[in-house]
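Trainee: Sequence isn't available, so here's the structure alone:
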């Protein structure tokens, strides 16, 4: 069973009001683009551990860990707020912005502190933040292409015509063994036109 959220309010409170958070979240020297992405991912994650967010949205677990930690450092420097200490007396800068709880698998799930969450909501700074890493931008293209190909499910001869209307440098590999044009094409072969890196 997961532990309770920590640090508990009676153990640690950074003492930052919602109004102070609103000033901080709109300052790009404090809440950088990376930190806004990290906090937007915490809001949207199915499970907001750094490892799980890396698996869900891309980037590395250290991206999320560092973005949250550095934001806490900057806020501490500006607000001169107290720090939470781990049992081994290590400063926990992340706890200025977040609460955590240890999962059964050893990962730490994060949630945004209530006052900071309200500041995000009222300022709207997280609205429109793209949480998926840019390396996944091909997904919408292939999704739309797959839908379009379904129109040719029962009439692939028209799909063959489209293939041979493309510039030869893109489709020169699509032919029969005797190098004559094909009369039928499966969808995987059609996808291969785009996967060869010629476009």
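Mentor: Okay, I see it. Treat the numbers as computed from the prediction; the structure is a model and nothing was measured.
Trainee: which SS state does the residue sitting furthest away from the middle of the chain fall under?
Mentor: Relative to the C-alpha centroid of the chain, counting by CA atoms, centre = their mean, residue 178 is the outermost residue, at 47.6 Å. Following DSSP: H, G, I helix; E, B strand; the rest coil, we place residue 178 in the coil state.
Trainee: Tell me the pLDDT of it.
Mentor: We note a pLDDT of 91 for residue 178 in this prediction.
Trainee: List the buried residues of stretch 49-62.
Mentor: 49-54, 56-57, 59 (16 or more other CB atoms under 10 Å). Just so you know, the C-beta spots here come from the backbone N, C-alpha and C atoms, and that holds for glycine as well.
Trainee: wait, I meant stretch 108-122
Mentor: Neighbour counts over stretch 108-122 (16+ other CB under 10 Å) mark 108-110, 112-113, 115-120 as buried.
Trainee: Please dump the buried residues of stretch 49-62 into CSV; it should also carry pLDDT, distance to residue 29 and secondary structure for every row.
Mentor: Listed next are the buried residues of stretch 49-62 as CSV, based on pLDDT from 0 to 100; distance: CB to CB, whole Å; DSSP: H, G, I helix; E, B strand; the rest coil:
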residue, pLDDT, distance to residue 29, secondary structure
49, 97, 28, strand
50, 97, 23, helix
51, 96, 29, helix
52, 96, 29, helix
53, 96, 24, helix
54, 94, 26, helix
56, 93, 28, helix
57, 93, 24, helix
59, 93, 22, coil
